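Fold the following, please.
(one chain, ligands or ions: 1)
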Amino acid sequence: MSREDLLTMADTASSEPIQLVAPDGTRHRHAAFDAMLADVNDDAVADLYVDMVAVRRIDTEATALQRQGELALWPPLLGQEAAQVGSARALREDDFVFTSYRENGVAYCRGVDLDDLLTVWRGNASSGWDPYGINMATPQIIIGAQTLHATGYAMGVKFDGGTQASVAYFGDGAITQGDVNEALAFAASYQAPVVFFCQNNQWAISEPVGLQTRVPIAQRADGFGIEHLRIDGNDVLATMAATRMALERARAGDGPTFIEAVTYRMGPHTTADDPTRYRDAAELEEWKEKDPITRIEAYLHTRGMAVDGFREAAQHRADDVAEKLRHGITTMADPEWQAVFENVYAEDHSWLERQREQYGRYQDLFSSDAEGKA
Ligand SMILES: Cc1ncc(C[n+]2csc(CCOP(=O)(O)OP(=O)(O)O)c2C)c(N)n1
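Below is the predicted model of the structure:
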């Protein structure tokens with residue numbers, strides 16, 4: 001079956017998202033997607049389950065740390081574990097990932113140091129990690145800007161004759177941004193090896209997705225001449241298959257692919273948000289039924305796997321990760337005040353020097369000497 005055939009079969013942009021595992025664990029067959037998962041046996045699915053449990057635990061632990069005053073802010077990903085784990089586990093180590101602030105599950109799969117995951121949210125560092133250490137840029141707060149970075153990177157790979165791909169993760173709200181539309185236009189023009197991975201979690205803070213688009217998001221890609229896939233983003237197998245398919249196209253020189261992973265943000269936008277003010281409680285209940293983790297448990301049960309065994313393994317991993325996260329953040333030394341001036345400009349200049357000096361004088365007001373004089 002040619003790649004074109006695979007994509008034609010998988011092309012359901014305007015219909016129901018492609019699903020391989022239903023919420024009750026039933027496995028649906030899909031020739032093109034199943035072909036992408038030929039090597040994914042039950043043990044590999046159980047590994048994805050363990051990853052998702054660990055990622056959910058990172059999220060709940062970080063939310064608790066924020067509530068306890070250890071972090072300034074946290075953007076929860078509760079409900080989006082399958083979209084993030086399935087896609088991230090499809091990547092090759094040398095692919096390069098560009099994300100927004102919510103892709104902490106992707107960062108976990110890329111192997112980010114757990115301390116590095118939280119330092120920015122504590123205000124201890126101006127950036128999270130060395131992007132070249134894990135081939136993943138630090139999170140972008142400007143909505144959609146990372147799609148341009150990913151496209152530029154992919155164009156570079158293409159000009160250099162490489163086989164890596166880049167992946168841009170963004171939300172449904174981002175599709176309204178000019179940056180994203182420019183990125184799609186450039187990616188299509190240059191047939192860049194980039195995957196656009198849109199997690200449609202239904203809300204851009206308090207704005208529902210219906211305000212961003214009148215057609216399914218995946219369909220937007222059509223206007224740019226970009227292949228697209230619309231998948232159930234709460235189904236880790238569908239997510240993995242779609243991302244593998246898109247990466248295969250990128251490596252074969254067939255250009256960009258746009259994936260819309262239909263999912264749901266079960267928590268608030270950030271810990272500073274209160275979703276009960278804008279969304280219906282029934283909507284949340286409806287999506288809880290589609291939980292990405294319980295469906296894989298149910299699926300593995302239908303496969304005759306010892307569910308208790310891998311549930312326990314997942315629990316251990318999650319406990320371990322949570323303990324490391326908490327220990328790292330609560331024992332982290334506060335940065336020196338001068339650090340805020342570092343890594344902003346390539347070289348010092350007189351304005352920076354003056355600001356540092358003024359801030360230093362301000363800091364002196366709090367020194368023990370100053371207190372003595374008061
Ligand atoms: C260019 C820009 N405009 C506005 C904001 C403020 N803002 C932060 S998050 C957000 C909503 C983003 O929603 P979406 O793209 O759906 O991603 P999600 O947060 O749901 O993952 C907005 C408007 C911003 N960070 N950058």
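
Strands of the stretch 1-150 of the chain, start to end?
96-98 (DSSP state E, counting those that start in this stretch).

so which residue of it comes closest to the ligand?
residue 143 (3.8 Å; Cβ to the nearest ligand atom). For every residue, glycine as well, the C-beta is placed using N, CA and C.

Can you get me a residue count around that residue?
By other Cβ atoms under 10 Å, 19 other residues sit near residue 143.

Equivalent analysis for residue 58, please.
Number of residues near residue 58 (other Cβ under 10 Å) recorded here: 24.

OK, contacts around it?
Listed by Cβ atoms under 8 Å, 6 or more residues apart in numbering, the contact set of residue 58 reads 104-105, 108, 114, 117, 321-322, 325.

where does the stretch 1-150 of the chain have low pLDDT?
By pLDDT under 70, the low-scoring segments of the stretch 1-150 of the chain are 1-14.

At which residues are the helices of it located?
3-10, 31-36, 42-67, 81-88, 104-110, 114-122, 131-134, 145-160 (DSSP state H, counting those that start in this stretch).

quick one: contacts of the last one?
What that stands for is helix 145-160. Outside of helix 145-160, the residues within contact range by Cβ under 8 Å, 6+ apart are 96, 98-100, 137, 140, 163-170, 174, 179-180, 182-184, 186-187, 190-194, 196, 250, 256.

One more pass at 7 Å, please.
96, 98-100, 137, 140, 164-168, 170, 179-180, 182-183, 186-187, 190, 192-194, 196 (Cβ atoms under 7 Å, 6 or more residues apart in numbering).

out of those residues, which are inside helices?
179-180, 182-183, 186-187, 190 (DSSP state H).

Get me the contact residues on this structure for the ligand.
Proximity of the chain to the ligand is confined to 100, 102, 141-143, 170-174, 201, 203-205, 265, 269 under the rule Cβ under 6 Å from any ligand atom.

Are any of these buried, and if so which?
Neighbour counting by 16 or more other Cβ atoms under 10 Å classes 100, 102, 143, 170-174, 201, 203-204, 265, 269 among the residues of the chain next to the ligand as buried.

quick one, what contacts residue 137?
Shown in contact with residue 137 (Cβ under 7 Å, 6+ apart): 97-98, 131, 146, 149.

related to what we said a few turns ago, from residue 152, how far out is the residue of the stretch 1-150 of the chain closest to the ligand?
17 Å (Cβ to Cβ, to the nearest Å).

And stretch 57-64, what's buried?
Going by neighbour count (16+ other Cβ under 10 Å), the buried part of stretch 57-64 is 57-59, 61-63.

Looking at the chain, which residue is nearest the ligand?
Residue nearest to the ligand within the chain (Cβ to the nearest ligand atom): residue 171, separated by 2.2 Å.

Please tell me how far that residue sits from residue 237.
Between residue 171 and residue 237 the distance is 22 Å, computed by Cβ to Cβ.

Is it correct that residue 344 falls within a strand?
No. According to DSSP: H, G, I helix; E, B strand; the rest coil, residue 344 belongs to no strand; its state is coil.

pLDDT averaged over stretch 254-272, what's the number?
Across stretch 254-272, pLDDT averages out at 98.

Alpha carbons of that stretch, in PDB - could you do that?
Taking C-alpha atoms only, stretch 254-272 is exported to PDB below (Å, rounded to 0.1, in the frame of the first residue of the first chain):
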ATOM      1  CA  ASP A 254       6.600  14.300   1.400                       C
ATOM      2  CA  GLY A 255       6.300  17.500   3.400                       C
ATOM      3  CA  PRO A 256       4.300  18.600   6.400                       C
ATOM      4  CA  THR A 257       1.300  16.900   8.100                       C
ATOM      5  CA  PHE A 258      -1.300  18.500  10.300                       C
ATOM      6  CA  ILE A 259      -2.700  16.400  13.100                       C
ATOM      7  CA  GLU A 260      -5.700  17.500  15.100                       C
ATOM      8  CA  ALA A 261      -5.900  15.400  18.300                       C
ATOM      9  CA  VAL A 262      -9.400  15.900  19.700                       C
ATOM     10  CA  THR A 263      -9.100  15.800  23.500                       C
ATOM     11  CA  TYR A 264     -10.200  17.700  26.500                       C
ATOM     12  CA  ARG A 265      -8.500  19.800  29.200                       C
ATOM     13  CA  MET A 266     -10.100  18.400  32.400                       C
ATOM     14  CA  GLY A 267      -8.500  20.900  34.700                       C
ATOM     15  CA  PRO A 268      -8.300  24.700  34.700                       C
ATOM     16  CA  HIS A 269      -6.200  26.600  32.000                       C
ATOM     17  CA  THR A 270      -3.700  27.300  34.700                       C
ATOM     18  CA  THR A 271      -3.800  27.300  38.500                       C
ATOM     19  CA  ALA A 272      -4.900  31.000  38.300                       C
END
